[in-house]
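Peer 1: Give me a model of this one.
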Amino acid sequence: MAPNIKVPANFGVEHINSPVHGNLLLKLRDGQEIKTNSMIMSYNSPVIDKLTTNLFQSTLEMDDFTKPAVDCFVEALYSGEVDKLEKDIFEDVNKMAHVFDVSWLTKRCLQFYKAEVLKFENNSYKEMLFACEIASRVHYNLNDSRYVSCFVKNVT
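Peer 2: Take a look at the predicted model:
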């Protein structure tokens, strides 16, 4: 089990893909790979901690997610910030945060949803539909009803 380190914390994004510290390989679509440090990832994620410590995993298949989303997720775990989070990768990053049980990142994703996705700049049908679809998928796939509640509260 990873030591009790207060996260989020800045571990330094310059260490991503480090040949020395990169002992956990994330395999992406099209054969792309990102080398990460299992301890940094484990500090943030009890799921990754169990996969690496108890099951001795040194590779994680991340081919369900886009490279920009995985980059954002990894950089968030390394830096403690979500600077690269954008609407087009939001769902993937939020799903990774839930799947890997990164509690501080799931909270930041909800804040992003409230501040950015529910900010209907043009009050267009497309913006509202996008926000509704996200809320619906998060509720259905991740069993998290907070997004539906936020959506309903925002449009009523």
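Peer 1: alpha carbons only for contacts and neighbour counts from here, please
Peer 2: Fine.
Peer 1: Pass me the low-pLDDT residue ranges in the chain, would you?
Peer 2: 1-4 (pLDDT under 70).
Peer 1: Give me the most central residue, it.
Peer 2: residue 93 (3.2 Å; C-alpha atoms, centre = their mean).
Peer 1: Could you measure from that residue over to residue 126?
Peer 2: Residue 93 is 21 Å from residue 126, where distance means C-alpha to C-alpha, to the nearest Å.
Peer 1: got it, and residue 14?
Peer 2: 38 Å.
Peer 1: Repeat that for residue 100.
Peer 2: On the measure of C-alpha to C-alpha, residue 100 and residue 126 end up 30 Å apart.
Peer 1: Compare these two (neighbour count), which wins?
Peer 2: Higher neighbour count among residue 100 and residue 126: residue 100, with 18 against 11, using other C-alpha atoms under 10 Å.
Peer 1: Isn't residue 9 up against residue 79?
Peer 2: Yes - with contact defined as C-alpha atoms under 8 Å, residue 9 and residue 79 form a contacting pair (6.0 Å).
Peer 1: neighbour count winner among the two?
Peer 2: residue 79 (19 against 16).
Peer 1: mind checking which helix or strand the nearest residue to residue 132 once chain neighbours are set aside is in?
Peer 2: Closest residue in space to residue 132, ignoring its immediate chain neighbours: residue 151 at 6.6 Å, by C-alpha to C-alpha, 6 or more residues apart in numbering. Per DSSP states H and E: residue 151 is located in helix 146-155.
Peer 1: all helices for this structure, in order.
Peer 2: Along the chain, counting by DSSP state H, helices occupy 38-44, 46-53, 67-79, 87-99, 103-112, 125-142, 146-155.
Peer 1: Dump the ones you listed to TSV, plus distance to residue 24.
Peer 2: What follows is the helices of the chain, written out as TSV (distance: least, C-alpha to C-alpha, whole Å):
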stretch	distance to residue 24
helix 38-44	5
helix 46-53	8
helix 67-79	12
helix 87-99	16
helix 103-112	20
helix 125-142	25
helix 146-155	32
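Peer 1: Thanks a lot, see you next time.
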